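A.B. asks: A structural model of the following input is requested.
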Amino acid sequence: MSEQNQRLFEYILENSASISEEWLRQRSNIKGSIYSKDADASVEKKLRDQHLYTIETIASGFLEDQEIFKQRMMKWTTEVVNSRIKFDTPIYEVVEALSKTRKIIWTYVKAYSLIHSSITKEDILSWSEVYHTTFDKLINEFSEQYYKITRQKISLQQELIDETSFPVIPIVDHIAVLPLVGLIDEIKGDSIIEVVPKRCAEKHIRHLVIDLSGVNYVDTYVAHKFFDLINILQLLGIHAIMSGVSPDMAQTAVNLGISFNKIETFGHLKQALSSLGVKKKEEE
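C.D. replies: Numbering: from 1, shown residues only. As a prediction, this is how the structure comes out:
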């Protein structure tokens, strides 16, 4: 059987150019997609080169030495995952493209079996099992790596968002301001607990003014997150106070049963900074 598999492997490689041409012909017009029929010449060349290697990788699944397939699969996965992420290709488009490849290559396997009378039904059943298992491994490996790299990308983007959403701005040595702006929802409420204490520790902050002047609304969940933040900062030896609590926000807090009695608050940022001994030079 290993000889038959080797010959099938060689047959698929000999026909790889025809397989790729058929696959490229089956593309449809998908605006902005790497798989679109109207993609520019450079994109089509990249697709062609990658698809030829896809065929080679799949064909190597028939070889007795499975290490060859594993090595090619890892190389293929790395290249294709990075390429598809670069083009912002949805994973379902990749799976659909691989599904077309699966069907086309199998038609060549069937054609090969018809022109060689020595090939039995058992051979075809065995090839079918190997072939579909190989494809499943390829798709699973791609999906896993695509997910991991996408998650890393999202995590980096979230860090950038957190950096701009929760900027801990040093004013003088060991004193900083955390200006909050807009709507603080549950997601931001959770993030503030993770981000701000770490930033304060990195910048050796001892006093932090949480300025709410730019915040439109605070609900019960977010208010409790502020309390949690202040408690965490206190455990780290950081003195936290609030400024910019507007009358509307205060009234809303009262209506929601939220009490700021245990938190040192000021109407304006200037007042909060003055309480920490920070003044403009002309006021000194």
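A.B. asks: biggest helix in this structure, by residue count?
C.D. replies: Ranked by number of residues, the top helix in the chain under DSSP state H is helix 121-165.
A.B. asks: elements contacting it?
C.D. replies: Helices and strands touching helix 121-165, by 3 or more C-beta pairs under 8 Å, 6 or more residues apart in numbering; DSSP states H and E, are helix 2-14, helix 41-59, helix 66-86, helix 91-114, helix 186-202. Bear in mind the C-beta positions are built from the backbone N, C-alpha and C, glycine included.
A.B. asks: redo that, cut-off 6 Å
C.D. replies: Applying 3 or more C-beta pairs under 6 Å, 6 or more residues apart in numbering; DSSP states H and E, one finds that helix 121-165 makes contact with helix 66-86, helix 91-114.
A.B. asks: Mean neighbour count for these - can I get that in a markdown table?
C.D. replies: As requested, the helices and strands packed on helix 121-165 are exported to a markdown table (neighbours: other C-beta atoms under 10 Å):
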| stretch | mean neighbour count |
| --- | --- |
| helix 66-86 | 16 |
| helix 91-114 | 15 |
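A.B. asks: closest one to residue 29 among those?
C.D. replies: helix 91-114 (13.1 Å; C-beta to C-beta).
A.B. asks: before we move on, the earlier item: could you point out the helix or strand that follows the longest helix of the chain?
C.D. replies: strand 169-172 (DSSP states H and E).
A.B. asks: possible to save the helices and strands packed on helix 121-165 as CSV with mean pLDDT and distance to residue 17?
C.D. replies: Formatted as CSV, the helices and strands packed on helix 121-165 follow (pLDDT from 0 to 100; distance: least, C-beta to C-beta, whole Å):
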stretch, mean pLDDT, distance to residue 17
helix 66-86, 95, 18
helix 91-114, 96, 12
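A.B. asks: could these go into a markdown table alongside distance to residue 124?
C.D. replies: Shown next, in a markdown table, are those (distance: least, C-beta to C-beta, whole Å):
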| stretch | distance to residue 124 |
| --- | --- |
| helix 66-86 | 20 |
| helix 91-114 | 5 |
